[in-house]
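Peer 1: Let me see the structure of the following:
(chains A and B)
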Amino acid sequence: MALTILLKKCYLLQSAAVATKEETKGTIGTYLDFIYPDLFAGEKTYESAEQAMCKKAIEIAKSKAKLDEKKIDIAFGGDLLNQIFISSSVSMEFSYAFGGVYGACSTSMLSLALASVFVSSDYASYALAFTSSNYGSAERQFRYPTSYGIKKKETTTLTVSGAGAAIVTKKKTDIKIVSATFGKVYDSCTYDVSDMGSIMALAAYHTIEDHLKYRNQNFDDYDLILTGDLSLIGSEVLKDLLERKNLSMLEDAGNWVYNPKKRKKFSGGSGCACLALSAYTKVVAELKKGNYRHVLLVGTGALHSKVSASQQKNIPVIAHAVELRKETQK
Amino acid sequence: MEEEKYQKIVSMHRPKVPTLRNTFLSFLSGGLIGTFCEGMNELAIHVFQFEKEDASFFATMMVVLVASSLTFFGVYNNISQKCGAGLFLPTSGFANSLTSSAMEGRSEGLIGGIGSMMYSLAGSVLTYGYFIAFYFATIYFLLNLWGINPWH
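Peer 2: Next up is the predicted model:
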């Protein structure tokens, strides 16, 4: 069973996201804070590019918040690379504490949930949550060289290149972070890494059901339930698992970023940055405008490694959720 | 959630693989590589006046050169997504695996990167190629010892 924590006086101060040109072709393009021309982002390697993107997202979030860096008490961040090197190396420049986290593609919500819990529990006045991913570095880490000519299955999802950062505070803002649900790990019963959307749908299903049950809510209470990277196929699997009709509020960030129905980008987007880009740009902007009033963000992750996949071990899957609400100004 | 129910839902949404189309494209692309190779072979024999054995070596090298160049320019993986086994199985696939791995290893230097990573994908082709060669050579040797020559 997932653990839902109700948060007291916890608000999203500012957020930012950066990505490459490829990510601008979906539905979040106009909301992005900075756009790089390609995967390399002016660097020599994919890894350096991811570092640059991660730094940039954090810088923009801080400058938008007009916040003195000394006020931040802790940062939670993670990425897809071994030993979460990108987040750790970026954190070398921080003057505050760092909690490195790994939840595969659910890292965006795991870091935001932890930052929110720390602020809500008075352990921090300001906390930073950030994450990043890069198609090139992720392909190297989990699959094959980017120019390797192996035929990919239609169920494949493509790692989104970009980074997102959010600052959480006790000070009242437009967006209240109401609760955080930490998911349980489930056995996907498969080692097939070419259909991540379908396997993560299982974790999303359990986390959403547990969250709604604990909060005594219905789907209709939300304007948007945004899953991380279930993609075209995984989203349909989730809808069938939930066995409910009229789930028009249920959408997926992987479909937002790459719009695979129109653009033939396999099954859609995935990766740590997938939900971060969507949540920290479009969702936040629309919440501020009042177009959304109540949103549930569900980050989904497949916790496998290249070795575990080669050894045909079942992929553990997880989903973490964060509930946001538009705060009414008095 | 019962595992059986979950698996049923997943399989219901899994897109059908267009086997017939994939087979046709593989056949076509593999055949085109074969035709190109044969063309190179004929060119080597009739224009460059190569011996027959040298000509087939030249033809193979030309496939390797073209496949590696296409890999370098980032075109190969796009074509192979459509052609599948037609490009993956011939020497072109072998060349692509070497070039793409070497390109990926550039950032780790000449020894730990390019040198060691070049064979990370193609290594098994070589390993089992050597193994099979040794296996059959041993059989051939033993048969010869017993006075049996399978080629005569």
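Peer 1: just to confirm, which helix or strand has whichever residue of chain B sits closest to chain A in it?
Peer 2: Here the residue of chain B nearest chain A is B:Ser80; by CB to the nearest CB that distance is 3.2 Å. From N, CA and C alone the C-beta is placed, and that goes for glycine too. B:Ser80 is located in helix B:76-83, with elements delineated by DSSP states H and E.
Peer 1: mean confidence score for stretch B:133-151?
Peer 2: With pLDDT averaged residue by residue, stretch B:133-151 scores 90.
Peer 1: With stretch B:109-117 instead?
Peer 2: When the per-residue pLDDT values of stretch B:109-117 are averaged, the result is 91.
Peer 1: List the buried residues of that stretch.
Peer 2: Using 16 or more other CB atoms under 10 Å in any protein chain shown as the burial criterion, the residues of stretch B:109-117 that qualify are B:Gly113, B:Ile114, B:Met117.
Peer 1: Kindly provide the distance from the first one to B:Gly105.
Peer 2: Distance check for B:Gly113 against B:Gly105: by CB to CB, to the nearest Å, it reads 4 Å.
Peer 1: which residues touch A:Tyr11?
Peer 2: In this structure, A:Tyr11 makes contact with A:Val168, A:Thr169, A:Lys170, A:Lys171, A:Lys172, A:Thr173, A:Ile175, A:Lys176, A:Ile177, A:Glu327, judged by CB atoms under 8 Å, 6 or more residues apart in numbering or on different chains.
Peer 1: now do B:Leu65
Peer 2: Neighbours of B:Leu65 in contact, by CB under 8 Å, 6+ apart: B:Ala95.
Peer 1: Need the pLDDT of it.
Peer 2: Confidence at B:Leu65, expressed as pLDDT, is 96.
Peer 1: Please apply the same query to the one 4 residues further on.
Peer 2: B:Ser69 carries a pLDDT value of 96.
Peer 1: now do A:Gln329
Peer 2: Confidence at A:Gln329, expressed as pLDDT, is 64.
Peer 1: residues near residue 28, how many?
Peer 2: Picking chain A for this. Applying the criterion other CB atoms under 10 Å in any protein chain shown, we find 28 residues in the vicinity of A:Ile28.
Peer 1: Chain B was what I was after
Peer 2: Residue neighbour count, defined by other CB under 10 Å, stands at 12 for B:Leu28.
Peer 1: if we can go back for a sec, quick check, the residue of chain B closest to chain A in contact with B:Leu87.
Peer 2: Yes. Using CB atoms under 8 Å, B:Ser80 is in contact with B:Leu87, at 4.4 Å.
Peer 1: Quick check: A:Ala273 touching A:Val160?
Peer 2: Yes. Under the criterion of CB under 8 Å, A:Ala273 makes contact with A:Val160 at 4.7 Å.
Peer 1: What's the local residue count around residue 74?
Peer 2: Let's take chain A. Neighbour count of A:Ile74, defined by other CB under 10 Å: 20.
Peer 1: The intended chain is chain B.
Peer 2: B:Gly74 - counted by other CB under 10 Å - has 12 other residues nearby.
Peer 1: where's it, which helix or strand?
Peer 2: Here B:Gly74 sits in a region with no helix or strand, counting by DSSP H and E.
Peer 1: per-residue pLDDT, it?
Peer 2: Reported pLDDT at B:Gly74 in the predicted model: 91.
Peer 1: Other residues contacting the lowest-mean-pLDDT helix or strand in chain A?
Peer 2: The helix or strand with the lowest mean pLDDT-type score in chain A, counting by mean pLDDT, DSSP states H and E, is helix A:260-263 (a mean of 76). In this structure, residues lying in contact with helix A:260-263 by CB under 8 Å, 6+ apart are A:Lys25, A:Gly26, A:Ser231, A:Leu232, A:Gly254, A:Asn255, A:Phe266, A:Ser267, A:Gly268, A:Gly269.
Peer 1: Out of these, which end up buried?
Peer 2: Of all these considered here, the ones buried according to neighbour count by 16+ other CB under 10 Å are A:Gly26, A:Ser231, A:Leu232, A:Gly254, A:Asn255, A:Phe266, A:Ser267, A:Gly268, A:Gly269.
Peer 1: possible to save these as a markdown table with pLDDT, distance to chain B and secondary structure?
Peer 2: Conversion of the buried ones among the contacts of helix A:260-263 to a markdown table gives the following (pLDDT from 0 to 100; distance: CB to the nearest CB, whole Å; DSSP: H, G, I helix; E, B strand; the rest coil):
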| residue | pLDDT | distance to chain B | secondary structure |
| --- | --- | --- | --- |
| A:Gly26 | 90 | 20 | coil |
| A:Ser231 | 90 | 11 | helix |
| A:Leu232 | 91 | 9 | helix |
| A:Gly254 | 94 | 15 | helix |
| A:Asn255 | 93 | 14 | helix |
| A:Phe266 | 85 | 10 | coil |
| A:Ser267 | 86 | 9 | coil |
| A:Gly268 | 90 | 13 | coil |
| A:Gly269 | 92 | 17 | strand |
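Peer 1: which residue does the stretch 51-200 of chain A bring closest to chain B?
Peer 2: Counting by CB to the nearest CB, the stretch 51-200 of chain A gets nearest to chain B through A:Gly149 (3.2 Å).
Peer 1: Okay, and that residue sits in which element?
Peer 2: With DSSP H and E as criterion, A:Gly149 is part of no helix or strand.
Peer 1: what's the burial count for it?
Peer 2: Residues lying near A:Gly149 (other CB under 10 Å) number 27.
Peer 1: The chain - how does it break down into domains?
Peer 2: This is for chain A. Split into domains by automatic domain parsing, chain A comes to A:3-169, A:175-326.
Peer 1: Chain B was what I was after
Peer 2: Partitioning chain B according to automatic domain parsing yields domains covering residues B:15-121, B:123-152.
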